[in-house]
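**Student:** Kindly generate the corresponding structure for this input.
(chains A and B)
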Amino acid sequence: MAKVQDTSISRLAKDGLFTNNTLFIQVLGACPALATTTSAVNGLGMGLSTASILVFSNLLISLLRNFIPKQIRIAAYIVVIAGFVSILEIFLKAYIPALDKSLGLFIPLITTNCIILARAESFASKNGPLRSVLDGVFAGAGFALALFLLASVREITGSGTFMGLRIFGDEFTLKVMISPAGAFITLGILTAVFKTLTGRFAGKNTEIKETRQEEKKDIKEKEGAEN
Amino acid sequence: MSENNNINNNLAEKLSVFRTAAVLSVIAVITVSAISLLNLFAGPVIERRLLEEKREAIIKLFRGEEAVRYDDSIKFEELTEFEDLYLDFGAPVTGVFLVTDEHKLGDDKTAGYCVMTAPRGFTDSIIMLVAVNSNLTVKDTLILSMSETVGYGTKIDGDENFREQFKNKTLNIRDSRNKITPGSGENAVQIIAGATVSSKAFVRGVNAALDIVKEISVRTAEINTDTDINETGEEDNNG
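**Tutor:** Reported below is the predicted structural model:
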């Protein structure tokens, strides 16, 4: 029997933001995450750009899921994703040129971001439009938050600024943090911290559930014995 | 019976291929139409923005940052007739503008040239503008966009002292790693430690700008001389 996906909103939110966070848990989309997170503004911009593509591509792919033949689904998804990325690129060039300039080549490269294709293939192609949009919102928000966090840590420690505002002098900064090596180090540390925290919460919840189930079992057994 | 089945299967297979191609084509057509539609509205906005950015940058170079808001005396036009020279120098040139100043006294309103170059930096091209005076000296420089390493390569924009060195320098600027001592070369600039590749790219960009302006001046002088000779010849013939 095919495994039934739990697609409740709370589950989607929990998965997208924490337990299945695309960057910290699944380690997807690491290339733009490492390259564009030199400042918090860039990280947030890249995160929100990817999230918007994720939402719209999930919506359209979900609407078209019954019309797209199985053999060409990946090609069709890529055309849809590339279309939305081109639209985003034109929009940014026209209305937010500063962001377009700072993200540069990484905007068109969103097309090849495996998070978007993964969500299209594993979720949007199997679920309705509303749930697919919500999945896009939460998975995108999780990615955007992860990028913002990564970029903030790198900007503060490497440049001594946050969102362009100076926090401390240049002499206290660790220049390596804004280099590619710093990106790997920060991602590694944040992933470890994130996994530990989410693992603990998940572990605690499991323990509580198991304890409650055991208590219920005991009560039932006692009631059975009394009867 | 089995022959009929085979024919039906073949037909179904062909229809399936046709449907697959049709679906993919429809998706592609819809996507392209959506992009074209957006481009119809956003295209002119992008063009206006790029032109405005150029205008602001050129005014900033010739009049200073404050003048951008109120100064409309600076005009510029792209010298497209010299496009064949764009790849002839140390860094690719992407545009040359003749800048005129309406407030300048006399008939010659030329304020100088503004050259857009794109030298290859550490990660990507550095898009920069170089304002060149008519006497082939650097008036000022401005970086429009770059993807250099933050904290290292980006110093070529952040470090005012670095860009200040280029002012009034002329053709063939040399880069020096050490402190420039008097006599070691008046036309030398000191590169930034930790941003060697970016600094050298910047120097290449400025040199390319000076070289192309020199070449344009020579060509313009030749054209003017030819015109004068022709006009004199015609006058003699008439006389």
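**Student:** can you list the residues of chain B near chain A?
**Tutor:** Proximity of chain B to chain A, by CB under 8 Å from any CB of the partner chain, involves residues B:16, B:19-20, B:23-24, B:27-28, B:31-32, B:34-35, B:38-39, B:42-43, B:45-46, B:49, B:53, B:124, B:145, B:147, B:149-152. To be clear about C-beta, it is placed using only N, CA and C from the backbone, and glycine gets the same treatment.
**Student:** PyMOL command to pick out the buried ones of those residues?
**Tutor:** In PyMOL, this line selects whichever of the residues of chain B next to chain A come out buried by 16 or more other CB atoms under 10 Å in any protein chain shown:
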select buried, chain B and resi 20+23+24+27+28+31+35+38+42+46+145+147+149+150+151+152
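**Student:** among the residues of chain B next to chain A, which are in helices?
**Tutor:** Secondary structure from DSSP state H places B:16, B:19-20, B:23-24, B:27-28, B:31-32, B:34-35, B:38-39, B:42-43, B:45-46, B:49, B:53 of the residues of chain B next to chain A in helices.
**Student:** Name the residue of chain B that lies nearest to chain A.
**Tutor:** B:Thr31 (3.3 Å; CB to the nearest CB).
**Student:** what's near enough to touch that residue?
**Tutor:** By CB atoms under 8 Å, 6 or more residues apart in numbering or on different chains, the contact list for B:Thr31 reads A:79-80, A:82-83.
**Student:** show me where the chain has strands.
**Tutor:** All of this refers to chain A. Remark: strands assigned in chain A by DSSP state E are A:161-162, A:165-166.
**Student:** wait, chain B
**Tutor:** Secondary structure of chain B (DSSP E): strands at B:74-78, B:93-101, B:110-117, B:127-132, B:138-145, B:174-176, B:188-190.
**Student:** if we can go back for a sec, from the contacts of B:Thr31, which is closest to chain B?
**Tutor:** Nearest member of the contacts of B:Thr31 to chain B, counting by CB to the nearest CB, is A:Gly83, at 3.3 Å.
**Student:** pLDDT score for that closest one?
**Tutor:** Reported pLDDT at A:Gly83 in the predicted model: 95.
**Student:** Could you verify my assumption that it touches B:Ser36?
**Tutor:** No. Assessed by CB atoms under 8 Å, A:Gly83 is found out of contact with B:Ser36, at 10.9 Å.
**Student:** neighbour-wise, which of these two wins?
**Tutor:** Set side by side, A:Gly83 and B:Ser36 show more neighbours around A:Gly83, with 23 against 10, by other CB atoms under 10 Å in any protein chain shown.
**Student:** Excluding sequence neighbours, find me the nearest residue to that one.
**Tutor:** B:Thr31 (3.3 Å; CB to CB, 6 or more residues apart in numbering or on different chains).
**Student:** could you measure the one you found against A:Gly140, distance?
**Tutor:** Remark: distance between B:Thr31 and A:Gly140 (CB to CB, to the nearest Å) = 20 Å.
**Student:** okay, residue 54: pLDDT?
**Tutor:** Unless you meant another one, I'm taking chain A. Note on A:Leu54: pLDDT of 95.
**Student:** Can you look at chain B instead?
**Tutor:** 84.
**Student:** Neighbours of it, how many?
**Tutor:** So B:Lys54, with other CB under 10 Å, has 18 neighbours.
**Student:** ok, it - contacts?
**Tutor:** Going by CB under 8 Å, 6+ apart, B:Lys54 touches B:76, B:97.
**Student:** give the contact list for the closest residue to B:Val45 other than its chain neighbours.
**Tutor:** Spatial nearest neighbour of B:Val45, chain neighbours left out: A:Ala94 (4.3 Å); criterion: CB to CB, 6+ apart. Neighbouring residues of A:Ala94 by CB under 8 Å, 6+ apart: B:42, B:45-46, B:49.
**Student:** now, the most widely separated pair of those residues?
**Tutor:** Put simply, by CB to CB the two of the contacts of A:Ala94 set farthest apart are B:Ala42 and B:Arg49, 9.9 Å from each other.
**Student:** shared neighbours of those two, anything?
**Tutor:** In contact with both B:Ala42 and B:Arg49: A:93-94, using CB under 8 Å, 6+ apart.
**Student:** what residue is smack in the middle of chain A?
**Tutor:** Geometric centre of chain A, nearest residue: A:Phe143, 2.6 Å, by CA atoms, centre = their mean.
**Student:** Verify the stated contact: that one with A:Asn113.
**Tutor:** No. Using CB under 8 Å, A:Phe143 is not in contact with A:Asn113, being 9.0 Å away.
**Student:** and for the two, which residues touch both?
**Tutor:** With CB under 8 Å, 6+ apart as the test, A:Phe143 and A:Asn113 both reach A:29, A:50.
**Student:** to the chain's geometric centre, what's the distance from stretch A:43-51?
**Tutor:** 10 Å (CA atoms, centre = their mean, to the nearest Å).
**Student:** Stretch A:124-138 too?
**Tutor:** With CA atoms, centre = their mean, you get 14 Å for stretch A:124-138.
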